[in-house]
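> please find the sequence and the predicted model below.
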Amino acid sequence: MVHISDLTIVTSVRQDLLTVDCEITNLSRELFEGILSARVYDGNRCELEIQGQAVCIAPSERQTLTLTAEWHDYRPWSGVDPHLYHIVTELTCGNKCVDALTTRFGFREIWIEGHRILLNGVPQRWYGEWCHKTHTHWLRPEYVRQWYQQLRDCNMNYVRMHTFPHPEYFLDIADEMGILVCQETALYGSYEGALDTPRLWPSAADHVRRMVRRDKNHPSLVIWSVENEMRRALRTMPRAKQELPRLRLLFNE
């Protein structure tokens, strides 16, 4: 009834800092008091223990707690060395484990300086293609691995998930193989559809939030794309022109 309902992992190579934002939900009818703690593993070896934090959460309440730790001897994730860790976040009461969540992640940081995108401080050049297939085999994980390997064989390192958020295993495999990913929403302007109706945009905002909530901890994900080919909508549809900038701001929440 009391559980870890969401986890956001933020890694900083500039500060050698690991930050974990844990959303905890109490669905019971009683006050919960306990401890939230976390450990980072490389395989079966514990690499880092994060000091626990006291939790006090009322019935039907949801709150976010932040755990932080300096970490200096990590192995950074990159396209040429896609090293992955697991973090085990645990919620305890006394000697009893109430809930535990295991999340895979890579220690890396993306930022912009001037006209350059940097990954772990290294200026990037990304070469790749979009994911726009015309057969059903592309949904098989075996195909995804082969496709990514073909990119590697062509000295490519990047892919854009075209016109909708692709299944999460596309990102899982990219995490393992060091393929850099642009994840895209399902908003596109190749036709008018319902883009200028008031009903669409609250749903679009919810769509963006759910996509970010699902995919945010994947180290391979380096760019979010809010839409595809919305040029016509921006020229001819007042509501689209007004709402699209608001959607872009959601990625910063």
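Right, received. Where do you want to start?
> only C-alpha atoms from now on, for both contacts and neighbour counts.
OK.
> dead centre of this structure: give me the residue that sits there.
For the chain, Lys216 is the residue whose C-alpha lies nearest the centre (C-alpha atoms, centre = their mean; 1.2 Å).
> residue contacts, that one?
By C-alpha atoms under 8 Å, 6 or more residues apart in numbering, Lys216 lies in contact with Thr8.
> one more: Leu118?
110-112, 124.
> could you look up the SS state of Glu30?
coil (DSSP: H, G, I helix; E, B strand; the rest coil).
> immediately after the helix or strand of the chain with the lowest mean pLDDT, which helix or strand?
Every helix and strand of the chain was ranked by mean pLDDT, DSSP states H and E. The lowest is helix 231-236, at a mean of 68. Remark: after helix 231-236, the chain's next helix or strand is helix 238-250, criterion DSSP states H and E.
> give me the distance from that following helix to the chain's centre.
On the basis of C-alpha atoms, centre = their mean, to the nearest Å, helix 238-250 sits 22 Å off its chain's mean C-alpha point.
> what is Glu184 paired to in the beta sheet?
Under DSSP bridges, the beta-bridge partners of Glu184 are Ser225.
> Cys131 versus that one, what's the distance?
Distance from Glu184 to Cys131, counting by C-alpha to C-alpha, to the nearest Å: 11 Å.
> ok, these two, which is more surrounded?
It is Glu184, of Glu184 and Cys131, that has more neighbours when counted by other C-alpha atoms under 10 Å, with 22 against 15.
> isn't the more buried one right next to Glu229, touching?
No - Glu184 sits out of contact with Glu229 when judged by C-alpha atoms under 8 Å, with a separation of 11.8 Å.
> what sits against Ser220?
Residues near Ser220 by C-alpha under 8 Å, 6+ apart: 171, 174-175, 178-181.
> ranges for the strands of the stretch 101-250 of the chain?
Ranges of strands in the stretch 101-250 of the chain, per DSSP state E, counting those that start in this stretch, are 110-113, 116-119, 122-123, 128-130, 158-160, 180-184, 221-225.
> isn't Ser37 right next to Glu90, touching?
Yes - the pair Ser37 / Glu90 is scored as a contact, 5.4 Å apart, by C-alpha under 8 Å.
> give me the common contacts of Glu184 and Cys131.
By the contact definition C-alpha under 8 Å, 6+ apart, Glu184 and Cys131 are jointly contacted by 160-162.
> Glu61: which of those is nearest?
For the shared contacts of Glu184 and Cys131, the residue nearest Glu61 by C-alpha to C-alpha is Met161; the value is 36.1 Å.
> what is the neighbour count of that closest one?
Using other C-alpha under 10 Å, Met161 has 21 neighbouring residues.
> contacting residues around it?
Residues in contact with Met161 (C-alpha under 8 Å, 6+ apart) are 130-132, 181-184.
> out of those residues, which are buried?
Using 16 or more other C-alpha atoms under 10 Å as the burial test, the contacts of Met161 include 181-184 as buried.
> ok, which pair from those is furthest apart?
Most distant of the buried ones among the contacts of Met161, by C-alpha to C-alpha, are Val181 and Glu184, 9.6 Å apart.
> need the overlap of contacts for the two.
By C-alpha under 8 Å, 6+ apart, the residues touching both Val181 and Glu184 are 160-161.
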